[in-house]
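Fold the following.
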Amino acid sequence: MARTYDIGLKEALSLTFEAIGTLPPAPMPLHEAGGFVAAEDMEAKVDCPSATSSLRDGYAVISEDITGASRKNGIPLRISGSLAAGDPAQKTVRSGEAVNVLTGAVIPKGADAVVSVEFTERQGENVICYRDAPKGCNLLFQGSDVSSGDLIVRRGQTLTPALTGLLAAGGLERVGVYPSPRVAVVATGDEVIAPGKPLRSGQLYASNIVTLYAWLRQFGIRGEMAVVQDRPDELRKIFRELLSKNDALLTSGGAWKSERDLTTKVLDEMGWEMFFHRVRIGPGKAVALGVLDGKPIFCLPGGPPSNEMAFLQIALPGLLKMAGKPTAPFKLKKCRLTEEMRGDITWTQFFQAILEKRGGEWCAVPHRMKSRIQSQARAQALIRIPEGIHCLAAGNIIEVQLLI
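Numbers count the residues shown, from 1 in each chain. The predicted structure is shown next:
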């Protein structure tokens, strides 16, 4: 594929989804599958409950035997046994009889209702019923939660905690899911050092990779981090090593066009297939995407706002596709814009914002701080001015991307 430069955001996302495929399905223990996407239709293997059981402590009866029972008209039945949850239901209830049952006990043959214990009185070998129990009263019927063969989950659905519980009730133990990619995040540059190491004058901590890795963890993606100096041999070595252990690579820094920006140059020498370099978004323009050894590499700019924005708008959707998940990572919320926002018609511009409730409605308040990193840290939403639009007027209702 021919390399593409200085493209729009829509085209960049299209090329990203073209370049990146979903990871092959993998079996996973059901108790670990929450949050993953189903790679297959999943049907119940058993009925749940496996037999009709009691919803109350009380007495299993034949409903016709106690028709008309009341406080003034107690109807006696002979107690022929008792059952607790898990006991085999070997008894049969005949007319004039009742079996004492606890919640969860299997209903014995012949019985078609349970009268709650609070509406009864035990007298020796008999129980006096002071209320009737229509057919089906207080019964949890076999297969009422899920029946064998029922479709529980469709391929492509995200396995929520409740769905995993329903699958377990339906007799499943292992399920096929799309695994989340392992992603390596590497910072490049002679001036950046790993957090925790002594800091000399002129150096700075590689906070970008910490931010990126935290975003990955928030979306259920794991991997590793590394910091490497701007030395071609070192870059080649670390890129090879990380790609051998991970499904994708994010680089931070060295993505522009100067002589010191070595990341894309080294990857060119390594033979990657570049899909695009530089996207018309602000901040984040210097982002690039290529594939090496069948694995995607996103080269992100080094400035903190540009680094995060390129990741959120382009790299993260691509990584979510690898996991079979929806590629729009953030919910949208309609808010009233508190002040005019000006962009550049030649590209898509993003602004950080905080959300405030004013007069009963949510408002998007542009967030401008002197510190780029502090502004990032306190942002709750992103305002987007699409390419081709010069400004958004104060008071307009707009959709913002929610970061929280």
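
Okay, now the sheet partners of the lengthiest strand in the chain, with direction.
Ranked by residue count, the top strand of the chain under DSSP state E comes out as strand 348-358. Note on strand 348-358: by DSSP bridges, its sheet partners are strand 281-282 (parallel), strand 361-366 (antiparallel), strand 381-385 (antiparallel).

buried set for that strand?
348-355 (16 or more other C-beta atoms under 10 Å). Every residue, glycine included, has its C-beta placed from N, CA and C.

who's in contact with that strand?
8-9, 280-284, 305, 309, 313, 333, 335-336, 338, 341, 343, 362-367, 375-376, 378-387, 400 (C-beta atoms under 8 Å, 6 or more residues apart in numbering).

Among the residues you listed, name the buried ones.
The neighbour count (16+ other C-beta under 10 Å) marks 8-9, 280-284, 305, 309, 313, 335-336, 338, 341, 343, 363-365, 367, 375-376, 379-385, 387, 400 as buried among these.

May I see the strands paired with strand 348-358 organised as JSON lines, with distance to I107 added?
Output for these, formatted as JSON lines (distance: least, C-beta to C-beta, whole Å):
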{"stretch": "strand 281-282", "distance to I107": "64"}
{"stretch": "strand 361-366", "distance to I107": "52"}
{"stretch": "strand 381-385", "distance to I107": "54"}
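
For T188, find the nearest of those strands.
If you check each of those against T188 by C-beta to C-beta, strand 281-282 wins as the nearest, at 21.3 Å.

Could I get the average pLDDT for the next helix-or-strand element following that closest one?
For strand 281-282, the following helix or strand on the C-terminal side (DSSP states H and E) is strand 288-292. Average pLDDT, strand 288-292: 97.

And the contacts of strand 288-292?
With contact meaning C-beta under 8 Å, 6+ apart, strand 288-292 is reached by 12, 15-16, 19, 239, 243, 255, 264, 267, 270-278, 296-299, 314-315, 318.

Just the C-alphas of stretch 224-242, formatted as CSV.
The C-alpha coordinates for stretch 224-242 follow below in CSV (Å, rounded to 0.1, in the frame of the first residue of the first chain):
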residue,chain,number,x,y,z
GLU,A,224,4.7,-3.5,29.4
MET,A,225,6.6,-0.2,29.4
ALA,A,226,10.1,0.7,28.4
VAL,A,227,12.4,3.8,27.9
VAL,A,228,15.1,3.9,25.3
GLN,A,229,17.6,6.5,24.2
ASP,A,230,17.8,7.9,20.6
ARG,A,231,20.3,5.4,19.3
PRO,A,232,19.3,3.6,16.1
ASP,A,233,20.8,0.3,17.3
GLU,A,234,19.1,0.6,20.7
LEU,A,235,15.8,1.4,19.0
ARG,A,236,15.9,-1.5,16.7
LYS,A,237,16.8,-3.9,19.5
ILE,A,238,14.0,-2.8,21.8
PHE,A,239,11.4,-2.7,19.0
ARG,A,240,12.3,-6.3,18.0
GLU,A,241,12.3,-7.4,21.6
LEU,A,242,8.9,-5.8,22.4
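
tell me what the biggest helix by length in the chain is packed against?
Taking DSSP state H as the criterion, the chain has its longest helix at helix 232-245. Helix 232-245 is packed against strand 182-188, strand 222-228, strand 248-252, helix 263-270, strand 295-300, with contacts defined by 3 or more C-beta pairs under 8 Å, 6 or more residues apart in numbering; DSSP states H and E.

nearest to S70, of these?
strand 222-228 (63.9 Å).

Please name the strands paired to that closest one in the sheet, noting orientation.
Sheet partners by DSSP bridges: for strand 222-228, these are strand 182-188 (parallel).

and the angle from the strand it pairs with to strand 248-252?
20 degrees (axes from the mean of the first three to the mean of the last three C-alpha atoms, to 10 degrees).

Any regions of the stretch 201-350 of the chain where pLDDT drops low?
257-260 (pLDDT under 70).

try it again with 80
254-261 (pLDDT under 80).

what sits up against stretch 155-172?
30-31, 33-46, 48, 145-146, 148, 150, 152-153, 175, 177, 324-325.

what's S306 in contact with, if anything?
So S306 contacts 283-286, 300 (C-beta under 8 Å, 6+ apart).

7 Å - rerun?
Contact analysis of S306 by C-beta atoms under 7 Å, 6 or more residues apart in numbering lists 283-284, 286.

And the closest residue in space to E399 that isn't next to it in sequence, how far from V400?
Once flanking residues are discounted, E399 sits nearest to L332: 4.5 Å by C-beta to C-beta, 6 or more residues apart in numbering. Using C-beta to C-beta, to the nearest Å, L332 is found at 7 Å from V400.

just checking, K321 touches I20?
Yes - here K321 reaches I20: they are 5.4 Å apart, a contact under C-beta atoms under 7 Å.

what about the two, which has more around it?
A count of neighbours by other C-beta atoms under 10 Å puts I20 above the other of K321 and I20, at 24 against 21.

And G81, its phi and psi?
Main-chain torsions, G81, degrees, to the nearest 10: phi 160, psi -180.

hang on, it packs against K91?
Yes - with contact defined as C-beta under 7 Å, G81 and K91 form a contacting pair (4.8 Å).

Quick check: pLDDT value at the residue nearest to R94 when sequence neighbours are not counted.
Closest residue in space to R94, ignoring its immediate chain neighbours: G110 at 6.1 Å, by C-beta to C-beta, 6+ apart. You'll see G110 listed with a pLDDT of 96.

G110 - how many residues pack around it?
15.

Give me the distance between it and D132.
17 Å.

Kindly report the same for Q123.
19 Å.
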